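[1] Generate coordinates for the sequence data below:
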Amino acid sequence: MATDYDQAVREHRIDLLYAGDELVALIELVDRGDDLLIANLAVAPTAQRRGHGQRLLAHAEALAIELGRPQLRLYTNKQFTGTVELYIRTGFAIVREEPIKGGIKVHMHKPLQLDRPGLSG
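    As a prediction, the model looks like this:
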């Protein structure tokens, strides 16, 4: 990976999910004005398949709505079919695919409803 994690920690929002004292997952978010980008979602191998990823996706959605962002966006690798399927099950759609470094980058988005019933005057 070519990610500059020092820069990511300084410039992006990173929320951690603990189970007791154990760090089990994290999500890295970038507010781009028009959307909230999920730059990274990682769950510890020993903590997978326990709903932690879905919990962090719901957290990102709530934050995007709070910020008034009309959509979530993310990118993933087409090889990670289980990950793509998880995102689709949680309301994301594939926008496009593009070849990148011998793989396929999948661009996904999830439109959000900002005007929730009962909240407007």
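
[2] Now K105. Nearest residue, chain neighbours left out?
    E98 (5.1 Å; CB to CB, 6 or more residues apart in numbering). To be clear about C-beta, it is placed using only N, CA and C from the backbone, and glycine gets the same treatment.

[3] Same question for Q54.
    That would be T90: by CB to CB, 6+ apart, it lies 6.3 Å from Q54.

[4] Provide the backbone phi and psi angles at that neighbour.
    T90 has phi and psi values of phi -100, psi 10 when expressed as degrees, to the nearest 10.

[5] can I assume it is in contact with M108?
    No - counting by CB atoms under 8 Å, T90 does not reach M108; the two are 10.1 Å apart.

[6] Comparing those two, which residue is more hemmed in?
    Set side by side, T90 and M108 show more neighbours around M108, with 20 against 14, by other CB atoms under 10 Å.

[7] Wait, a strand at that one?
    Yes - under DSSP: H, G, I helix; E, B strand; the rest coil, M108 sits within a strand.

[8] residues touching it, list them.
    Counting by CB atoms under 8 Å, 6 or more residues apart in numbering, M108 touches 73-76, 84, 87, 92-95.

[9] Which pLDDT value goes with the residue lying closest to it once chain neighbours are set aside?
    With sequence-adjacent residues excluded and distances taken as CB to CB, 6+ apart, M108 is closest to F92, at 4.3 Å. Reported pLDDT at F92 in the predicted model: 97.

[10] and if you look at E22?
    95.

[11] what do you get for the one 5 residues further on?
    I27 is assigned a pLDDT of 96 by the prediction.

[12] what about it, helix or strand, and which?
    Per DSSP states H and E, I27 falls inside strand 22-31.

[13] what's that strand packed up against?
    strand 13-19, strand 36-43, helix 52-67 (3 or more CB pairs under 8 Å, 6 or more residues apart in numbering; DSSP states H and E).

[14] most tightly surrounded among those?
    Comparing the helices and strands packed on strand 22-31 by mean neighbour count (mean count of other CB atoms under 10 Å), strand 36-43 comes out on top with a mean of 20.

[15] And the contacts of that strand?
    Contact with strand 36-43 is made by 3, 8, 12, 24-31, 52-53, 56-57, 60, 63-64, 67, 69, 71-74, as judged by CB under 8 Å, 6+ apart.
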